[in-house]
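Engineer: could you look at this predicted model? Sequence included:
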Amino acid sequence: MQELKLKRVYRHFKGDHYLVEDLAKHSETGETYVIYRKLYGDGSLWIRPLAMFLEEVDREKYPDCPQQYRFQLLDIPSVKDL
């Protein structure tokens, strides 16, 4: 399983990009949730259980998906290094 990195950009296996803002705990269950922001459209905030955010793509449902994980960390180089 991959490790979540805060304040980093991830690509959803369907192609859109998201910024992981923070983690939060459910007040009754204690389950950890990822708070992330769409990097397109209205830039709204979303939440998803941490385990679901980090899980692998369902190969039975999406056999041709080239990405291993539902959300894949992107390595975005700085323009100063170009």
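Structural biologist: Perfect, thanks for sending it. Residues are numbered from 1 along each chain as shown.
Engineer: for Tyr36, list each beta-bridge partner.
Structural biologist: Val20, Trp46 (DSSP bridges).
Engineer: what about stretch 3-13, start to end distance?
Structural biologist: One end of stretch 3-13 sits 17 Å from the other (C-alpha to C-alpha, to the nearest Å).
Engineer: contacts for that stretch, please.
Structural biologist: Identification of contacts with stretch 3-13 by C-beta atoms under 8 Å, 6 or more residues apart in numbering yields 17-23, 34, 36, 39, 50, 53-54, 57, 62, 65, 67, 69-74, 76. All C-beta atoms are positioned from the backbone trio N, CA, C, and that covers glycine.
Engineer: give me the subset of these lying in strands.
Structural biologist: His17, Tyr18, Leu19, Val20, Glu21, Asp22, Leu23, Val34, Tyr36, Phe71, Gln72, Leu73 (DSSP state E).
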